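K.L.:
no sequence on hand, only this structure:
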């Protein structure tokens, strides 16, 4: 994060970000069930727009990236590119059992692993698929994390000792460590 | 709608290519060999009015690969032309010049089973990632991932 966090422009930007986080959804090889639940969040029944949460088509406009599904080998580089396009500060939510831990797809020949093997994840949502309330809860928890990070001056405080940046899973094996 | 093909019509038109059997009411299977498959498909197009390729399926029968061309036409009868491709030299003629939709199925089978379709205009990767190592065919029964090998994707090397 650049600039003095106490400056007016930064405080304004933070206020806007927390009041109205813009999300973009990326399917890195999901079965579409999580995507349907995310769409359900945006629809009138759950209506996340009343919280200011807005789905955006372009990652360049987004604050939060919601990734669904285990990352396939073909989508891995695309996911990385989408993540790189999001302006800082960016937050990633791995949605569903497959996104959070590989799910039933962990160890397949065409799957790299869970979302955490490709990009750093801030929030994991369990469930197959997670209910819309759980997804909304994850976004709200992500906003609290955002506030906490601003108070701590970055994401570094959340890193645990011995955290490695990335791990690769060979097909047929299951990743042992789960990143926080 | 034209009437369904009978067993006699099919075995009569394709008798020089192999034996026909009625596996289901609507499906007639003709077992032929790799040398005759091109002319068998031409004959099915010419005499049996099979203008539509449903799909090409491939199975690993451990000793050989079972390649099946499923054809149909206005008569709605499925003609399955089956060939056994030897495992030690998995090579078969491409039918993409007489059946253009076959090209994409052949690319897929080449990716996953390693069968070489000679005469195919562009036998490049379709299903697997671009940096998948050569000579690894994941749908073969004897394929085991090599832990020392890198299978591509962005997990390594990327930012």
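P.N.:
Good, I have the coordinates. Quantities reported herein were computed from a predicted structural model and do not represent experimental measurements. Numbers count the residues shown, from 1 in each chain, chains lettered A, B, ... in the order given.
K.L.:
contacting residues for residue B:21?
P.N.:
By C-beta atoms under 8 Å, 6 or more residues apart in numbering or on different chains, residue B:21 lies in contact with B:28-29, B:31. C-beta here means a position set from N, CA and C on the backbone, and glycine is covered the same way.
K.L.:
now the chain, which segments are flagged as low pLDDT?
P.N.:
Using chain A. Applying pLDDT under 70 to chain A flags the ranges A:1-3, A:5, A:160-180.
K.L.:
hm, I was asking about chain B
P.N.:
For chain B (pLDDT under 70), the answer is B:1, B:154-159.
K.L.:
how does it look with 80?
P.N.:
Within chain B, the segments meeting pLDDT under 80 span B:1-2, B:146-150, B:152-159.
K.L.:
can you show me the strands along it?
P.N.:
Using DSSP state E, the strands of chain B run over B:20-24, B:27-31, B:52-60, B:64-72, B:78-86, B:91-93, B:116-118.
K.L.:
which parts of the fourth one are buried?
P.N.:
Of the residues in strand B:64-72, B:64-65, B:67-72 count as buried by neighbour count, 16 or more other C-beta atoms under 10 Å in any protein chain shown.
K.L.:
contacts for stretch A:77-92?
P.N.:
Against stretch A:77-92 from outside (C-beta under 8 Å, 6+ apart): A:1, A:17, A:24, A:26, A:28, A:58-60, A:62-67, A:71, A:115, A:118-123, A:142, A:145-146, A:149, A:155, B:153-154, B:158-159.
K.L.:
stretch A:24-32 now?
P.N.:
Residues from elsewhere that reach stretch A:24-32 (C-beta under 8 Å, 6+ apart): A:35, A:38, A:55-59, A:61-62, A:64-72, A:75-76, A:78-79, A:82, A:86, A:96, A:98-99, A:105, A:111, A:115, A:118.
K.L.:
can you select the buried ones from these in ChimeraX?
P.N.:
Of the contacts of stretch A:24-32, the buried ones can be selected in ChimeraX as follows, counting by 16+ other C-beta under 10 Å:
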select /A:35,38,55,59,62,64,65,66,67,68,69,70,71,72,75,76,79,82,86,96,98,99,105,111,115,118
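K.L.:
in helices only, show me the contacts of stretch A:24-32.
P.N.:
Residues of the contacts of stretch A:24-32 located in helices (DSSP state H): A:35, A:38, A:75-76, A:78-79, A:82, A:96, A:98-99.
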